[in-house]
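Asks: 3D model of this:
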Amino acid sequence: MKYPAPLRFKMPSTLAAVDESCLGVKTWLQDNGLENDWFAVLLLLRESLNNAVIHGNRNDPVLDVDCELRRGRRWLSISVADSGAGFSWARAKKHRACCRDTCGRGLEIYQLYADEVVFNRRGNRVLLRRQLRKGGECALNSNRAK
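Replies: Numbers count the residues shown, from 1 in each chain. A predicted model of the protein is given here:
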């Protein structure tokens, strides 16, 4: 089976660009037979892009966010990088958001919907890998959702 070429794009740091990018990725997913995974992939993508725009690039539309999606035989990866200083992801992994918090749920979303989460040392690039589901399976990652 031949897999689609990676989808790479650069977008300005605006929430409108996040919405537009997610619509384009949804079309790419549908065009490449990944309808069963679109909800989880778009959730991971939107969370990553929002974090890059809001926290990484501080909503500065002059700064870009780089994104790449790759499909393998059984997996899909999402890479998102911003121009910001990064963050201490190891320390942030120890924090759990309270039900009243308005932010701080990104890492929990990653753990629930991605099979692998890797940050670069600086903390301004995240790589998320998700195993592709068969037959419309809707379950969360069973290794993470406990």
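Asks: Give the other helices and strands that the longest helix along the chain contacts.
Replies: Assignment by DSSP state H gives helix 15-31 as the longest helix of the chain. With contacts defined as 3 or more C-beta pairs under 8 Å, 6 or more residues apart in numbering; DSSP states H and E, helix 15-31 has these neighbours: strand 7-12, helix 38-51, strand 64-71. C-betas here are computed from N, CA, C, even on glycine.
Asks: Pull up the gap between the closest residue to residue 4 other than its chain neighbours and residue 18, please.
Replies: Distances taken as C-beta to C-beta, 6 or more residues apart in numbering place residue 32 nearest to residue 4, at 4.7 Å, with adjacent residues excluded. Distance, residue 32 to residue 18, by C-beta to C-beta, to the nearest Å: 21 Å.
Asks: Between the two, point out the one with more neighbours.
Replies: residue 18 (22 against 15; other C-beta atoms under 10 Å).
Asks: If I follow the layout properly, the more buried one ends up in contact with residue 48?
Replies: No. Using C-beta atoms under 8 Å, residue 18 is not in contact with residue 48; the gap is 9.5 Å.
Asks: Just give the number of residues close to residue 74.
Replies: 10.
Asks: same thing with residue 16?
Replies: By the criterion of other C-beta under 10 Å, residue 16 has 11 neighbours.
Asks: likewise residue 84?
Replies: Neighbour count of residue 84, defined by other C-beta under 10 Å: 21.
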